[in-house]
Every structure is written in structure tokens, then in C-alpha cells.
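In: Make a model of this:
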Amino acid sequence: QVQLVESGGGLVQAGGSLRLSCAPSGRTFGNYNMAWFRQAPGKEREFVASSEWSTGSSTYGDSVKGRFTISRDNAKNTLTLQMNTLKPEDTAVYYCAANNRKAYVVSAGREYDYWGQGTQVTVSS
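Out: Numbering: from 1, shown residues only. Alright, predicted model coming up:
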């Protein structure tokens, strides 16, 4: 069982930056595909970004392309989401997710088997 712990959320003004981190407890995530999702009140869960362990490739949701960067440090066992030029519509609870599947749809939440508890990001206008 993989337990994921997110940190780094908070309140920031529009145009500002935040960095979220995710770390698994109890094991390394070197061979896990990792991703960030978010969910705003009254809205469906939305794919934000993913990092594939086998290829190192990253994928981004359209709404965050060019503003957010996902990165992973396998040595430090940490996944990071750097969020720049934040907008009020980025306000949501952000979740870290993981799987160790070889074939999956990177943007589909149902494809991930492990989830963190979430961290709140609030962007004020």
C-alpha cells in the first residue's frame, strides 16, 4: 500500500506562485507513475499534470500548460508541482496520485490506485 502525503498549499494572490510537494510514505516511488489532480467546489476532478516513470515524460492539462511544471526527484523521493502565474480559477484542492501500471490513460483519475489526502490552494483576485 502506498500512502501519499501532499504539502505546500496555501493562500496566494493572483499572479503569484506556489510549490506543492508529494512524498510517499513507506516506500520509494521510483517505478510509479505520478500525477496531480485538482477539484474545485461543485466541479468535477480535473487532471493537472503527470510524470511517467519509465520514460520520464510529462503531460499537462490544457488549463495549466505553460504555467505549471511537474518534476520528480527519485533520489529524494519527492514529486513537485511548481505553479506560476496563478489565477483565481486555479483555486481547488490538489491531490497527488500514483500507479505502477504499464499502460494507462494519464489524464484519467480512475487509472490511479493511490491518492493523497489533498492540499488546499486558494488564489485571491
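In: drop to CA atoms for contacts and neighbour counts, all remaining ones
Out: Fine.
In: what about the residue nearest the centre of the chain, which helix or strand?
Out: Central residue of the chain (Cα atoms, centre = their mean): Trp36, 2.0 Å from the mean position. Applying DSSP states H and E as the criterion places Trp36 in strand 33-39.
In: List of residues touching the following helix or strand past that strand?
Out: On the C-terminal side of strand 33-39, the nearest following helix or strand under DSSP H and E is strand 46-51. Residues outside strand 46-51 that contact it (Cα atoms under 8 Å, 6 or more residues apart in numbering): 33-39, 57-61, 63-64, 69-72, 106-109.
In: what are the ranges of the helices in the protein?
Out: Counting by DSSP state H, one finds no helices in the chain.
In: For it, which segments are assigned as strands?
Out: 3-7, 10-13, 18-25, 33-39, 46-51, 58-60, 68-73, 78-83, 92-99, 114-115, 119-124 (DSSP state E).
In: Against Ser50, how distant is Leu81?
Out: 10 Å (Cα to Cα, to the nearest Å).
In: Name the residues contacting each of the two.
Out: Trp36, Ile70.
In: out of those two, which sits in the busier spot?
Out: Ser50 (27 against 23; other Cα atoms under 10 Å).
In: Return the residues in contact with the spatially closest residue to that one that is not a sequence neighbour.
Out: Spatially, and ignoring its direct neighbours in sequence, Ser50 is nearest to Ala35 (3.9 Å; Cα to Cα, 6 or more residues apart in numbering). Applying Cα under 8 Å, 6+ apart, we find Ala35 in contact with Val48, Ala49, Ser50, Ser51, Cys96, Ala97, Ala98, Val106.
In: still on that earlier bit, reformat the strands of the chain as CSV; add mean pLDDT.
Out: Output for these, formatted as CSV (pLDDT from 0 to 100):
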stretch, mean pLDDT
strand 3-7, 93
strand 10-13, 98
strand 18-25, 94
strand 33-39, 97
strand 46-51, 97
strand 58-60, 97
strand 68-73, 95
strand 78-83, 96
strand 92-99, 97
strand 114-115, 95
strand 119-124, 98
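In: Fine by me, we can end here.
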